[in-house]
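Peer 1: Below is the structure, and that's it, no one-letter string:
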């Protein structure tokens, strides 16, 4: 019989979609107050991969990913997604009248072998975590780097995302010995 093991800590990140640079900056500032310093962020790229968010968020959207310094427990993802949903509501108050939903924040984490996203949307490839939150393995590690699954969002397949998650994995692997020793 195999015994359960405590999981290793993971590296937290957030994907942000917003209507302009000021909204992205507000989201980064808010998230860093909750999750600690941001130690890496991607360039801002146009979010033109789908029209899914246009009804709530408008057109001309921007995309950015940010990485936080402090490692966290993987089971904290559901709580984190609930917090980022609350952050979206709080941040919407800073941009009244712009659009129904000015900012979208999707938290996730990176381990040595996978990139996981938290979401409120169920689907056949998602696992329920609790409190209305699901987890999705968005990328998986191979001998040649991060690889997408058939369901991986188009923006997570871009060179910007791939380079970011490569840097995340490198930072994570460097931090892991000290964090694992503290368990």
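Peer 2: Looks like it came in fine. Only a predicted model underlies this, so the values are computations on that prediction, with no experimental measurement involved.
Peer 1: any residues touching the helix ranked longest in the chain, and which ones?
Peer 2: The longest helix of the chain (DSSP state H) is helix 159-181. Surrounding helix 159-181, the residues in contact under the criterion Cβ atoms under 8 Å, 6 or more residues apart in numbering are 8-11, 13, 39-40, 42-43, 45, 65, 67, 71, 110-112, 115, 139, 141, 145-146, 155. C-beta coordinates here come from the backbone N, C-alpha and C atoms, glycine included.
Peer 1: Likewise for stretch 110-128?
Peer 2: Applying Cβ under 8 Å, 6+ apart, the set of residues contacting stretch 110-128 is 8, 10-11, 13, 15, 74, 77-78, 80-81, 84-85, 106-109, 129, 132-141, 146, 149, 151, 156, 165, 168-169, 172-173, 176.
Peer 1: out of the residues you listed, which are buried?
Peer 2: For the contacts of stretch 110-128, a neighbour count by 16 or more other Cβ atoms under 10 Å gives the buried set as 10-11, 13, 15, 74, 77-78, 80-81, 84-85, 106-109, 129, 133-139, 141, 146, 156, 165, 168-169, 172, 176.
Peer 1: mind listing which of the contacts of stretch 110-128 are in helices?
Peer 2: Restricting the contacts of stretch 110-128 to those inside helices, with DSSP H as the criterion, leaves 77, 78, 80, 81, 84, 85, 165, 168, 169, 172, 173, 176.
Peer 1: Which pair of the residues you listed spans the longest distance?
Peer 2: 85 and 173 (30.3 Å; Cβ to Cβ).
Peer 1: Next up, identify which helix or strand residue 29 is on.
Peer 2: Using DSSP states H and E, residue 29 sits in helix 21-35.
Peer 1: and what of residue 100?
Peer 2: Using DSSP H and E, no element contains residue 100; it sits outside every helix and strand.
Peer 1: what's near enough to touch it?
Peer 2: 55, 56, 57.
Peer 1: and if you look at residue 99?
Peer 2: Residues counted as contacts of residue 99 (Cβ under 8 Å, 6+ apart) are 19, 56, 57, 58.
Peer 1: ok so, going back, elements contacting the helix holding residue 29?
Peer 2: Contacts of helix 21-35 with other secondary structure elements, assessed using 3 or more Cβ pairs under 8 Å, 6 or more residues apart in numbering; DSSP states H and E, are made with strand 10-18, strand 38-41, strand 62-72, helix 77-92, strand 103-110.
Peer 1: how about those in TSV, adding mean pLDDT and distance to residue 2?
Peer 2: As requested, the helices and strands packed on helix 21-35 are arranged in TSV below (pLDDT from 0 to 100; distance: least, Cβ to Cβ, whole Å):
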stretch	mean pLDDT	distance to residue 2
strand 10-18	98	21
strand 38-41	98	36
strand 62-72	97	25
helix 77-92	96	24
strand 103-110	98	24
